[in-house]
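In: sequence and computational prediction follow.
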Amino acid sequence: MIIIGERINSTRKPITAALQDRDAAHILSEARRQWDAGASYLDVNTAMMRADEPEFMTWVIELIQGEIPESLIAIDSANPAAVEAGFKAHKGRPLLNSINCERDRMDHLVPIIREHKPRVIGLTISDEGITQEADKRYALGAELIELLTKNEIDVDDIFIDPLIFPVSAELQAGNVSLNIMGRLKENYPGVHTVCGLSNISFGLPERKLINQIYMALAMGRGLDAAIIDPLDRRMMATITTATTLLGKDKAC
Ligand code: THG
């Protein structure tokens, strides 16, 4: 499992405060703890800094890689200026989180992707917005894979996010995303699937338990990357256990 540590996200109050105060020690502590817990990428989102999002993206990436030179960042932004700033600051190959099938954004991003050669997360969203139909989201994933491979991005560098919605609002939301992951893996071997799965439990009690069980179900459909809190020991134990049960731990 490729673990993307989610904690350095400006939608979390302690992170907004740390960014506003330029509290390097707080950001570095979040980075170090997630990296040591086994993250392969550290997600960085500075969107709440609004007009200063690109500048903060640069600051955080340089800060983290200055302290942990082998670390890699998932640049979590919908703002092309912040994405470009992130690419310029980053050493090694970052993960772009994310692109989608919206024409305008793609036209702008494809040349930048070709230049910087990041690995890429593709969301199953289009110009028409988000659909709850599995077939349509699957088709958007397939479209992204075709477009990226046409632009010389290797399948091993493509991560498709089927999107996760609360089962409390739509009873079939869990099944829909599992179905999309499963079909993508079957039809495009070598392509990765990824999700931020905590949305599944929104509005329900025992959210952590629900997230852990959904992780196990998703891994059964081939999910091989996830945006999670690597400091959540039970979630990490769920991943280790499911990896073994799926026959992927040689030492069992
Ligand atoms: N797909 C992709 N990228 C994503 C998401 C996704 N990036 C953002 C998000 N979803 C994943 N990241 C986070 C980061 C922090 C939290 C949840 C998801 C988080 N949540 C707390 C909770 O759920 O209880 C509440 C916030 C807080 O701690 O204040 O921390 O789906 N490609």
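Out: Ah, there it is.

In: residue boundaries of the strands in the stretch 1-150 of the chain?
Out: Taking DSSP state E, counting those that start in this stretch as the test, the strands found in the stretch 1-150 of the chain are 2-9, 41-45, 73-76, 95-101, 119-126.

In: just give me how far the last one sits from the chain centre.
Out: What that stands for is strand 119-126. Mean C-alpha position of strand 119-126 versus that of the full chain (Cα atoms, centre = their mean, to the nearest Å) differs by 10 Å.

In: so what secondary structure elements neighbour it?
Out: If you count contacts as 3 or more Cβ pairs under 8 Å, 6 or more residues apart in numbering; DSSP states H and E, strand 119-126 packs onto strand 95-101, helix 134-150, strand 158-161. Yep, even glycine has a C-beta here, placed from its N, CA and C like the rest.

In: average model confidence for the longest one?
Out: What it means is helix 134-150. The average pLDDT within helix 134-150 is 96.

In: okay, buried residues for that helix please.
Out: For helix 134-150, burial by neighbour count (16 or more other Cβ atoms under 10 Å) applies to 134, 137-142, 144-145, 147-148.

In: the ligand contacts on the stretch 1-150 of the chain?
Out: When proximity is defined as Cβ under 6 Å from any ligand atom, the stretch 1-150 of the chain approaches the ligand at 6, 9, 12-13, 76, 97-98, 121.

In: out of these, which are buried?
Out: Buried, going by 16+ other Cβ under 10 Å: 6, 9, 76, 97-98, 121, out of those.

In: can you map out the helices along the stretch 101-250 of the chain?
Out: Using DSSP state H, counting those that start in this stretch, the helices found in the stretch 101-250 of the chain span residues 103-116, 134-150, 173-187, 207-220, 233-245.

In: so which elements touch the longest one?
Out: With contacts taken as 3+ Cβ pairs under 8 Å, 6+ apart, helix 134-150 sits against strand 95-101, helix 103-116, strand 119-126, strand 158-161, helix 173-187.

In: most proximal residue of this protein with respect to the ligand?
Out: residue 196 (2.7 Å; Cβ to the nearest ligand atom).

In: right, and that residue touches residue 6 too?
Out: Yes - look at residue 196 against residue 6 with Cβ atoms under 8 Å: they come within range, at 6.7 Å.

In: what touches both of the two?
Out: 227-228 (Cβ atoms under 8 Å, 6 or more residues apart in numbering).

In: before we move on, back to that, of the buried ones among the residues of the stretch 1-150 of the chain next to the ligand, closest to residue 55?
Out: Minimum distance to residue 55 across these is 15.8 Å, recorded for residue 76 (Cβ to Cβ).

In: make JSON lines from the strands of the stretch 1-150 of the chain and add mean pLDDT to it.
Out: Below are the strands of the stretch 1-150 of the chain laid out as JSON lines (pLDDT from 0 to 100):
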{"stretch": "strand 2-9", "mean pLDDT": "98"}
{"stretch": "strand 41-45", "mean pLDDT": "99"}
{"stretch": "strand 73-76", "mean pLDDT": "98"}
{"stretch": "strand 95-101", "mean pLDDT": "95"}
{"stretch": "strand 119-126", "mean pLDDT": "96"}
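
In: and these, which is most packed in?
Out: Ranked by mean neighbour count, the strands of the stretch 1-150 of the chain are led by strand 73-76 with a mean of 28 (mean count of other Cβ atoms under 10 Å).

In: just the pLDDT for residue 109.
Out: 87.

In: residue 155 too?
Out: In this prediction, residue 155 has a pLDDT value of 97.

In: so it sits against residue 145, correct?
Out: Yes - when contacts are counted by Cβ under 8 Å, residue 155 is listed as touching residue 145 (7.3 Å).
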